[in-house]
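S.K.: Requesting a structural model of the entry that follows:
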Amino acid sequence: MVRYTSSSLVLLAAIGSSLAKQQKSILVGFSNRDAYDEVVRHATAQGEGAASNVDEPKMFRRPLNVGRKSKRRGRETGRKLPGRNGYDGNTPDPTEPAKSEPEMTIGYAKVDYTEDADIDKEIEALGKIHGVTVAELNGEVKALGFPTNEKEGKKNKGSSLRGQMERVLEESTPWGIGMVNITQFWAGGSQEVTPQKEVKICIIDSGYDLGHEDLPKSFDGVTGFIPDGQGTDYGVWDADENIHPRTRGHGTHVAGTIGAIGSNALGVVGVNPDPSKFSFHIAKVFSDKREGTDQDIIIECIEDCVSSGADVINLSIGGESPSALAESACEAAYDDGVLVIAAAGNEGSEIYKYPASYPVVMSVASVKEGDGPGSDTYGEKSLFSTFNDQVEIAAPGNDVLSTTPNDNYEFDSGTSMATPHVSAVAAWLISLFPNCEANQIRNAMINSSQEPPRAADGWDKLYGHGIVDAGAAYSLLSSANCVGAGGLSSSEAGKTLSQMAQGGAYQRDIGCTVDAHCYIGSDPNFGTRYCTDTNTCAIACVGTDVKVTVEFKTDAYPSESSWRISQECGSGFSKSSDGFTETNTVNIDNFCTSDGAFMFTITDSWGDGLFDPGYYKVYIDDVLQISEGPPVNFASTYTKSFGSCTTPPPTTPAPVTSQPTTGIPTNQPSPPPVPVTANPTSGCSELKVDVLTDRYAYETSYVIRDLCDEGKVLFTKDDFDQNEFEYTETYCVSDGMYEFEISDSYGSGSYTVHMDGELKAEGGNFGASEKTEFGSCGGNSTPRPTASAQPSPTSNPTTSNPTTSNPTTSNPTTANPTTSNPTKNPTSDPTANPTTAEPSKNPTSSPTTPEPTKNPTTAPTPSPSTKPTNSPTSDPTSQPSPSPVTPTDTTIKVELLLDDYPEETSWSIIDTCEGGGEIVSGDNYTVAGEAVSVEVTVPRGRFMMNIIDTFGDGVCCNHGQGKYEVFMDGLLVADGDDFDAMESHFFGNCGDGPQTQKPTGEPTTNATPRPSNATPRPSSSPVPASFDALVGTPACNDIQSICSTAGTSLLDKKEVWGELNPSNTLDNCADGGAGTYLIDESVESVTVVATDSAGNPVEGVLSAGGFAKIKAVVHAWNNGAGSYVDFFKTSDIASPNWVPLNDGTSPVGQGGLVDVESPAFQLSNTAAIQAVRVGIRFQGSQSPCPTGGYDENDDLVFKVDMTTASDAVMVALAPPATASPPSTPRGD
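M.R.: Sure, this is the predicted structure:
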């Protein structure tokens, strides 16, 4: 018999991993037989990607709601409180319209492919077949136990046989039996009990040695199962020896822990030693020739367990790939009353293993014996035990002695060994309390678990709620009955059992009956939790912390939407949404943090906002602060701020116990904070940390220290859990001297640290750790830049008469009378009017309540402004009211002539600057041929005009002669008539208006006075790029702050799909000829924008020697894991020498249409006309012109302001003049 050393185990794991990579199979769920037949036809069609085999379909016991489940279940680490996908940990579910019935899955089939097949593309293609409910990788799962060795086992009491098989001549009681506290209830014990029913335990594993001397036999009711169609290599269920060495005896060892026979003077004893009181059903999941198994086999085994009458399923197996079909099979089993229990994993790190991390499955961690009962180490977590927020309970898993084939016994370790302890206790409790549902038995075990040796009681991700305790669970159920011990039944709660299952920390939250059911721990991160009168757990944050609730409803495109909420001052709190996958679904998240000023940002990757029925609401202690929708109209980014940095929040009503969506007006304004002025002693500097993790995110951490306070640690972050993911945290600090230290075991990835937009630290390849100091204890060497005194722009400035505003807050006392309503934002309009917290979309309405500024600052100059402020004050010495239209306001006029189908037409104008939003819109037209004119006066900004025709034929010319025109201060900025479904135009600038520019620590691009004979500076309304036939690419023929193809159709598609004017490159670099539009890789738009060296947009134009960055919209295939974007620049458009701007080694990492951008780069000092290139490729390596079939490259030519170049290069020659289209082309 071979003894496995740690090195041989590593080798076996490597071999297994290699085999896993070679496997190529897909599981396909279907709703009808026709769909399966179509899968067969598609998969076996001749040509590239043809399948090597399609299995016969396997039908579920009943139709299942599989849907498109998320790939990762489990809550984000950190201070996140319960509430996800429609369930709020404080209150009942929101009242939502009933969804349409989902397409049910009646069966599934496995499709095998050869090694050279592109498995991801096949999944995509199969998933599009009508009637296919899910197509997913058939991931591998392995046994989670191993022979004990010196590293994993405890010190042996004189034996040298640890890790080897040995014959136990006298019956012994393994140490884990004593830990679970059950022996007194056995026959002849001091508290002997009589079961009320015989229970069946299904073990899904490697097999079972039916002839073992110390295990139940066929006459004890042992039955078994082998999956269909697996051939002779699969073996038989009732033997467990002549199989793969990595799984040999694994199932028999598990069975011995559950039910090795007692009082027979042989071997060992199990948790349930009397075979007359339970029976085994064995489902063989591993073949004799292979270490791992696949999801389709697991599904078949789970279905068989339920059909065979199992009460408990033991799964001492796990893999890293979740499966929607396998999760649905577990849910169906749970709804049928079967308790499913699985091993958490043996990685010793924070990752998720499946099936343990499905919410319906009880995830089991492992503990060790340590120095025995009574010692401080008794019940410590095993070194190998995986931990995460789905871990629910712990049990003995180190050095467990149990049965192995051929009447042998072995000490094994693993969460595989811990799991059967819990399964056995669960089965024993079910036999004694048969009227309790599976969820109640599960919760009773949690509620009665014993505390491990940890610093604080409650729940943590290492041990879950504690160590399983059979005696305590029995006592609790006996005294408190099913409801008191385990919560409401499913019928009392009005939910299915799978809907009640939350898993991990929050497993008991639905159906609680007493406050104790909600207790997670004394850690203040969890707040004070209690059971409401609606039988759900609620949170009351401790101390002075407030509860922040974000309620967000997705639209029909959930994957495009995300949100982030962060503090602008206070604790540095910052949280983001998880990836949304369910359409039209309310998602609620709760957090505890200190009070302060908050910023809430929504991002839409497609750039069209949040459609109806999407909306958001943000509450502080259940009082609504901000809300909008449905819909929420914006382009790519929407931001709103609320709260105050310096004053306590106004008194709010006591926390409500009903859902925030009811009983609270959606237009309730935020309590206005008191404006204050920023100065070196009380101001708040924004410290922003961006970290791009590598493939081992959990190794990364950073700390920020205050060097002016003896190196006091201010902020830490060590909860990175997403690989190759960009994290952003924003903190509020005073001026001073700080140290930023970042640590990582392998030192890849990258990071930047900015203070008030100025780069302070950056790096990536730094070894184990890297430190950077910045600032000074006497304050920064120059005073912190402050913004010009100006009110914050409103998110929906729809009023046409801003002089009617009458703010109620008084002006702060400053040296400059123009600081009556200052703001932190230096680029916003200095005389813009505040509006109501929820402004009307009627252009003629007037605001009544001002929106408070986020963080007002004093003006940078002491002299009064010559321009009046529009913030009235009660002070009789203050400035006069402004004129109706100030020099920093702008008047936008929309002229629309409708066609013969007016109901198809709608339009909107959106302010795309920070804090902006929809300012005016029109729809629901009914009169054919009607002429519509709308005029609105708003603060200056950068605007986007969107017009939509729902039929897709524009407003001209087949059904009427419609058209539209948009004017800004009397100048035509956009027009059109014959378009398809939608057309967009950009005009204006976020920096328009006579205001003081915020210093950035870098020379501004327009600092040098312009010579009298220089090219006139362009207007403030950048003109979109148009095609320049001479150079063969899109180009901007004016010097602008931004040059972009966005809003045009110039770069839609690629050459093979009908792109306009291919190849759209300076050097005729051709696009690849393969792929399908909006399935495979493409470049959809390219933008170059003027920035500072840190990549922050500036007010100036693109200038020689200045900085810029590229923004683009690309389409990435599947999940973006194989799609790579490359950025290049050149200053010679005649013979381009492309300079790479990124290393091209990081994949897009997101499928579909994705916004990407380059690092900031410096423009050439010697060329008046320059260009950039954006390329997207499928795999391969970075090249200015790759040759892959799926690749596309597009260029954009633009002019730069040469007045900032040195005198020596002022004579730089430009290419000959071109005959370009008009500067304001109509998109089509």
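
S.K.: Look at A1134 and give its secondary structure.
M.R.: The three-state label given to A1134 by DSSP: H, G, I helix; E, B strand; the rest coil is coil.

S.K.: Please apply the same query to I177.
M.R.: Secondary structure of I177, per three-state DSSP, is helix.

S.K.: wait, isn't it in contact with W186?
M.R.: No - under the criterion of C-beta atoms under 8 Å, I177 lies out of contact with W186, with a separation of 9.9 Å. C-beta coordinates here come from the backbone N, C-alpha and C atoms, glycine included.

S.K.: what about those two, which has more around it?
M.R.: In terms of neighbours (other C-beta atoms under 10 Å), I177 is the more surrounded of I177 and W186; the figures are 26 against 19.

S.K.: ok, the more buried one - contacts?
M.R.: T183, V269, G270, V271 (C-beta atoms under 8 Å, 6 or more residues apart in numbering).

S.K.: and if you look at H421?
M.R.: Counting by C-beta under 8 Å, 6+ apart, the residues that H421 touches are G176, V180, T257, V271, V364, A395, P396, G397, V468.

S.K.: What's the local residue count around the last one?
M.R.: Residue crowding around V468 was assessed by other C-beta under 10 Å; the count is 33.

S.K.: repeat for the fourth one
M.R.: Close neighbours of V271, defined as other C-beta under 10 Å, add up to 27.

S.K.: Same question for the third one.
M.R.: When neighbours are defined as other C-beta under 10 Å, T257 has 33 of them.

S.K.: same deal with the second one?
M.R.: V180: 22 surrounding residues under other C-beta under 10 Å.

S.K.: before we move on, back to that, name the nearest of the contacts of I177 relative to A768.
M.R.: Taking C-beta to C-beta as the measure, A768 sits nearest to V271 out of the contacts of I177, at 45.2 Å.

S.K.: if we can go back for a sec, so which pair among the contacts of I177 is furthest apart in space?
M.R.: T183 and G270 (11.3 Å).

S.K.: Which one's more surrounded, those two?
M.R.: The residue with more neighbours, out of T183 and G270, is G270; 28 against 18, by other C-beta under 10 Å.

S.K.: and the gap between the nearest residue to S605 once chain neighbours are set aside and N1118?
M.R.: Closest residue in space to S605, ignoring its immediate chain neighbours: E560 at 4.6 Å, by C-beta to C-beta, 6 or more residues apart in numbering. Between E560 and N1118 the distance is 16 Å, computed by C-beta to C-beta, to the nearest Å.

S.K.: low-scoring stretches of the stretch 201-350 of the chain, by residue?
M.R.: Of all residues in the stretch 201-350 of the chain, those with pLDDT under 70 make up the ranges 229-233.

S.K.: Summarise which helices and strands the strand or helix carrying N1193 is packed against.
M.R.: When elements are defined using DSSP states H and E, N1193 is found to belong to strand 1192-1199. Applying 3 or more C-beta pairs under 8 Å, 6 or more residues apart in numbering; DSSP states H and E, we find strand 1192-1199 packed against strand 1033-1039, strand 1042-1044, strand 1082-1091, strand 1169-1178.

S.K.: Those strands into CSV, with extra columns for distance to D533?
M.R.: Compiled in CSV, the helices and strands packed on strand 1192-1199 are given as follows (distance: least, C-beta to C-beta, whole Å):
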stretch, distance to D533
strand 1033-1039, 63
strand 1042-1044, 56
strand 1082-1091, 52
strand 1169-1178, 55
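
S.K.: would you put the C-alpha positions of the helix or strand hosting Y474 in PDB?
M.R.: Element membership for Y474 (DSSP H and E) is helix 470-486. Below are the C-alpha coordinates for helix 470-486, written out as PDB (Å, rounded to 0.1, in the frame of the first residue of the first chain):
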ATOM      1  CA  ALA A 470     -25.800  16.800  18.400                       C
ATOM      2  CA  GLY A 471     -26.600  17.000  22.100                       C
ATOM      3  CA  ALA A 472     -27.300  20.700  22.100                       C
ATOM      4  CA  ALA A 473     -29.400  20.500  19.000                       C
ATOM      5  CA  TYR A 474     -31.500  17.700  20.500                       C
ATOM      6  CA  SER A 475     -32.000  19.700  23.600                       C
ATOM      7  CA  LEU A 476     -33.000  22.800  21.600                       C
ATOM      8  CA  LEU A 477     -35.500  21.000  19.400                       C
ATOM      9  CA  SER A 478     -37.000  19.200  22.500                       C
ATOM     10  CA  SER A 479     -37.500  22.400  24.400                       C
ATOM     11  CA  ALA A 480     -38.300  24.900  21.600                       C
ATOM     12  CA  ASN A 481     -39.900  22.600  19.000                       C
ATOM     13  CA  CYS A 482     -39.300  22.900  15.200                       C
ATOM     14  CA  VAL A 483     -40.300  26.600  15.000                       C
ATOM     15  CA  GLY A 484     -38.600  27.800  18.100                       C
ATOM     16  CA  ALA A 485     -35.400  26.000  17.300                       C
ATOM     17  CA  GLY A 486     -35.300  26.400  13.500                       C
END
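
S.K.: Distance from the chain centre to that helix, please.
M.R.: On the basis of C-alpha atoms, centre = their mean, to the nearest Å, the separation between the geometric centre of helix 470-486 and that of its chain is 38 Å.

S.K.: Could you do stretch 938-953 as well?
M.R.: With C-alpha atoms, centre = their mean as the basis, the distance from the averaged C-alpha position of stretch 938-953 to the chain average is 30 Å.

S.K.: what is the rounded mean pLDDT of it?
M.R.: The average pLDDT for stretch 938-953 rounds to 80.

S.K.: Please identify the buried residues of that stretch?
M.R.: Neighbour-count burial for stretch 938-953 flags 938-949, 953 (criterion: 16 or more other C-beta atoms under 10 Å).

S.K.: circling back to that earlier point, and the residue nearest to S605, what is it in contact with?
M.R.: Counting by C-beta under 8 Å, 6+ apart, E560 makes contact with D604, S605, W606, G1152, L1153.

S.K.: C518 too?
M.R.: With C-beta under 8 Å, 6+ apart as the criterion, the residues that contact C518 are R508, D509, C512, R529, Y530, C531, C537, A538.

S.K.: Would you mind measuring from the second one to Q502?
M.R.: Relative to Q502, D509 is positioned 5 Å away (C-beta to C-beta).

S.K.: more neighbours, these two?
M.R.: Looking at D509 and Q502 with other C-beta under 10 Å, you find the greater number of neighbours at D509, namely 24 against 21.

S.K.: Would you mind measuring from the nearest residue to that one once chain neighbours are set aside to G487?
M.R.: Taking C-beta to C-beta, 6+ apart as the measure, D509 lies nearest to C537, with 4.2 Å between them; neighbours along the chain are not counted. For C537, the distance to G487 equals 10 Å [C-beta to C-beta].
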